[in-house]
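K.L.:
Below is the structure, and that's it, no one-letter string:
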């Protein structure tokens, strides 16, 4: 009889807990909340705490605060930003993390090597210490870390496609591999729940294959993709006539595939009307959505950066979805919203509505 009563009490507890979880009063550890549920493609955008810097890199909170409206109105659910290493960058990095948390956004921090002389200082210990330091500081607050940017670009030989092992400088590869092994392990030891993203670009597939074989641990494969590479990373026609489907090629690793940077090459520099840039976002996103093979799409980037070129409009400063202008006090501030911003905003809205 006592056993039956005890069993009845246990069942009551289980039923009550399940009911409360269903009603949203508590969240059981094995029941994901709405923010954790997969709803298809994660839409994101790259930005920087120093998007409106003037002269030497300095951070002030208002320069980041003015970005918030554009991020919210765009409708993204993820921010991508570099973990900066300027003298006042700790304040800037903390502010970016706070901005993401305030707006309930996921955050992907890019961890570039904090080294003045890259190839002579890449060691396992340097990578480990760097990864553990950052991941420990932001434990539970940053969901994703990128293992530097475009590992292919760091070690690829000039004029080589990157589809074969010998397309890469062997000495540089060994140093980078060792550093990334340390960086990845350090991130994991700092925050075991954080996901690590490894990225490449163009058709440089061999670098990812080799990193995987050499036990550089990563959770997500990311790819930087621009208009000069085509408008469909799932159907890239190569010089020999064969077709490369990047997500399918990497499906053997059973990891999510992200587009970590995307845009019309050099933004609206070649077409100041912005129509070409907007059309590229429409075409690329349509191909990606249709494929059903891409798990995240991150636009590069939110704002133009003419402040980096003394206010000049150049190919490298025109990538933004939003322009940049100078106010009466000669400070750089957001400029006009470009057609690409509106196009991307509409893409996200329509996708989310279709999935709901």
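P.N.:
Thanks, I have the structure now. Since we're looking at a predicted model, the values are computed, not measured. Residues are numbered from 1 along each chain as shown.
K.L.:
Give me the mean pLDDT for stretch 206-213.
P.N.:
What stretch 206-213 shows for mean pLDDT is 98.
K.L.:
er, stretch 255-265 actually
P.N.:
99.
K.L.:
swap in stretch 138-155?
P.N.:
Averaging pLDDT along stretch 138-155 yields 96.
K.L.:
Going by neighbour count, which residues of that stretch are buried?
P.N.:
138, 142-155 (16 or more other C-beta atoms under 10 Å). In this view, the C-beta of every residue, glycine as well, is placed from N, C-alpha and C.
K.L.:
Contacts made by stretch 130-142 with the rest, please.
P.N.:
The list of residues contacting stretch 130-142 from outside it, by C-beta atoms under 8 Å, 6 or more residues apart in numbering, reads 83, 97, 100-101, 107, 109, 111, 113-114, 145, 182-191, 193-194.
K.L.:
ignore the last one, stretch 238-245
P.N.:
Here stretch 238-245 has contacts from 203, 205, 233, 234, 235, 236, 237, 293, using C-beta under 8 Å, 6+ apart.
K.L.:
if you set the cut-off to 7 Å instead, what comes out?
P.N.:
Contacts to stretch 238-245, defined as C-beta atoms under 7 Å, 6 or more residues apart in numbering, come from residues 203, 234, 235, 236, 237.
K.L.:
among the buried residues of stretch 138-155, which are in strands?
P.N.:
Secondary structure from DSSP state E places 144, 145, 146, 147 of these in strands.
K.L.:
closest to residue 225 among those residues?
P.N.:
residue 146 (15.2 Å; C-beta to C-beta).
K.L.:
Strands of the stretch 1-150 of the chain, start to end?
P.N.:
42-46, 78-82, 106-111, 144-147 (DSSP state E, counting those that start in this stretch).
K.L.:
I misspoke; the intended subject was the stretch 251-356 of the chain.
P.N.:
257-263, 296-299, 322-326, 332-337.
K.L.:
Tell me which other helices or strands the third one touches.
P.N.:
Pointing back at strand 322-326 there. Identification of packing neighbours for strand 322-326 by 3 or more C-beta pairs under 7 Å, 6 or more residues apart in numbering; DSSP states H and E yields strand 332-337.
K.L.:
So what's the model's average confidence on the strand it packs on?
P.N.:
96.
K.L.:
quick revisit: only the buried subset of the contacts of stretch 130-142, as a ChimeraX command please.
P.N.:
Remark: buried members of those, expressed as a ChimeraX selection using 16+ other C-beta under 10 Å:
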select :83,97,100,107,109,111,113,145,182,183,184,185,186,187,188,190,191,194
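K.L.:
Quick one: residues contacting residue 338.
P.N.:
268, 274, 277, 321, 322, 323.
K.L.:
Could you measure from it over to residue 303?
P.N.:
10 Å (C-beta to C-beta, to the nearest Å).
K.L.:
what's the domain layout of this structure?
P.N.:
According to automatic domain parsing, the chain is divided into the following domains: 1-31, 39-355.
K.L.:
Look up how far residue 267 lies from the residue lying closest to residue 75 once chain neighbours are set aside.
P.N.:
Excluding the flanking residues, the one nearest residue 75 by C-beta to C-beta, 6 or more residues apart in numbering is residue 348, at 4.3 Å. Separation of residue 348 from residue 267 (C-beta to C-beta): 19 Å.
K.L.:
Neighbour count: those two, which is higher?
P.N.:
The neighbour count for residue 348 versus residue 267, taken as other C-beta atoms under 10 Å, is higher for residue 267 (28 against 21).
K.L.:
Hmm, that one is touching residue 320, no?
P.N.:
Yes. Using C-beta atoms under 7 Å, residue 267 is in contact with residue 320, at 6.1 Å.
K.L.:
Can you work out which residues contact both of the two?
P.N.:
What both residue 267 and residue 320 touch, as defined by C-beta under 7 Å, 6+ apart, is an empty set.
K.L.:
Out of the strands of the stretch 1-150 of the chain, which is closest to residue 262?
P.N.:
strand 42-46 (9.7 Å).
K.L.:
Give me the helices and strands touching that closest one, please.
P.N.:
Taking 3+ C-beta pairs under 7 Å, 6+ apart as the contact cut, strand 42-46 packs with strand 78-82, strand 296-299.
K.L.:
And the contacts of that strand?
P.N.:
With contact meaning C-beta under 7 Å, 6+ apart, strand 42-46 is reached by 71, 74, 76-81, 106, 261, 295-302, 348.
K.L.:
That strand: partners in the sheet, and parallel or antiparallel?
P.N.:
When pairing is defined by DSSP bridges, strand 42-46 lines up against strand 78-82 (parallel), strand 296-299 (parallel).
K.L.:
Comparing the domains of the chain, which yields the minimum mean pLDDT?
P.N.:
Looking at the domains of the chain, the bottom one is domain 1-31 with a mean of 38.
K.L.:
quick one on the thing from earlier: of the ones in strands among the buried residues of stretch 138-155, which is the nearest to residue 314?
P.N.:
Out of those, the member with the shortest distance to residue 314 (by C-beta to C-beta) is residue 146, at 25.5 Å.
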